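> give me coordinates for this.
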Amino acid sequence: MQYQIIENAQIAPNVFLLDLAGDTSMVTKPGQFCQIQLPGFYLRRPISICDWDENGMTLIYKVVGQGTDALSRMESGAVLDILNGLGNGYDVNTCGDRPLVIGGGVGTPPMYGLTKALMRAGKQPQVILGFNTYEEIFLLDEFEDLDIPVTVTTVDGSFGVKGFVTDALPADCDCFFACGPEPMLKAVYRKCDTPGQLSLEQRMACGFGACMGCSIQTNSGPKRVCKDGPVFRKEELPW
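Model prediction:
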């Protein structure tokens with residue numbers, strides 16, 4: 001599927017916001033991802049979907065290698081070949097009315113689309129966003145514009161609560177949704193007693209379950225992060 005770049009702008013150190021115009025009919029749940037083909041690179045790059053509507057979608061990505069560096073240099077008007085609506089996203093209908101949404105670093109983008117979906121479903125979410133420093137914070141204004149409780153933590157204490165997302169967990173919530181680096185996910189998994197859904201990150205090649213390269217061990221045997229995930233229920237994970 002072809003998508004045209006509307007905007008590709010830096011919003012934090014090594015973090016870029018990519019607005020794309022194109023068909024999003026295959027995106028059915030928050031937490032799904034897409035696979036971008038970049039000129040000169042054999043493997044596609046998986047990037048989570050931050051937000052979408054009938055006209056296009058927004059991706060937020062971090063430059064971590066040659067592929068994402070090449071993507072960051074692409075300009076408005078360029079066309080990208082993208083496999084879209086991949087993976088098993090978050091289920092907003094199996095949680096209570098007061099869900100907790102937790103995003104850490106570049107795991108934050110899909111939590112924005114998730115939060116909007118929870119609100120459309122009649123839920124009352126509260127959000128915790130975790131970053132290392134003030135300079136790395138992004139999407140805070142967008143979350144606050146949703147008029148819901150938002151707490152920010154920074155490891156160095158330069159903004160919000162000093163520490164990690166687990167240092168700002170509320171006393172009560174019905175369930176949690178989380179996306180971020182694995183150490184953060186494991187800490188949330190161990191500290192939250194409620195049901196939860198966690199989005200995992202794994203190196204991917206095909207993005208749709210054929211190559212088996214992103215398989216992980218779960219409580220019900222090996223599963224593919226790209227096809228069976230990236231979102232897994234708490235009880236599925238042997239942590």
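
> so which elements touch the helix or strand of the chain with the lowest mean pLDDT?
The least trusted helix or strand in the chain, going by mean pLDDT, DSSP states H and E, turns out to be strand 215-218, with a mean of 86. The contact analysis (3 or more C-beta pairs under 8 Å, 6 or more residues apart in numbering; DSSP states H and E) places strand 215-218 against strand 221-224. Any C-beta I mention is one placed from the backbone N, CA and C, and that applies to glycine too.

> the same query, at a cut-off of 10 Å, please.
strand 221-224, strand 231-233 (3 or more C-beta pairs under 10 Å, 6 or more residues apart in numbering; DSSP states H and E).

> count of neighbours near residue 181?
Close neighbours of residue 181, defined as other C-beta atoms under 10 Å, add up to 14.

> residues in contact with it?
Counting by C-beta atoms under 10 Å, 6 or more residues apart in numbering, residue 181 touches 104, 105, 106, 107, 130, 187, 201.

> quick one, helices of the chain?
Secondary structure of the chain (DSSP state H): helices at 66-72, 109-120, 140-144, 182-191.

> how near is the spatially most distant residue from the centre of the chain to residue 82?
Computed with C-alpha atoms, centre = their mean, the maximum C-alpha offset from the centroid of the chain is found at residue 40, amounting to 26.2 Å. Separation of residue 40 from residue 82 (C-beta to C-beta, to the nearest Å): 16 Å.

> and if you look at residue 62?
18 Å.

> neighbour count for these two, which is higher?
Of the pair residue 62 and residue 82, residue 82 is the one with more neighbours under other C-beta under 10 Å, namely 22 against 17.

> give me the phi and psi for residue 219.
phi -70, psi -10 (degrees, to the nearest 10).

> try residue 44
Residue 44 adopts backbone torsions of phi -70, psi 160, taken as degrees, to the nearest 10.

> that one contacts residue 38, doesn't it?
Yes - if you go by C-beta atoms under 10 Å, residue 44 and residue 38 touch, sitting 7.7 Å apart.

> what residues do the two have in common as contacts?
Common neighbours of residue 44 and residue 38 (C-beta under 10 Å, 6+ apart) are 67, 81.
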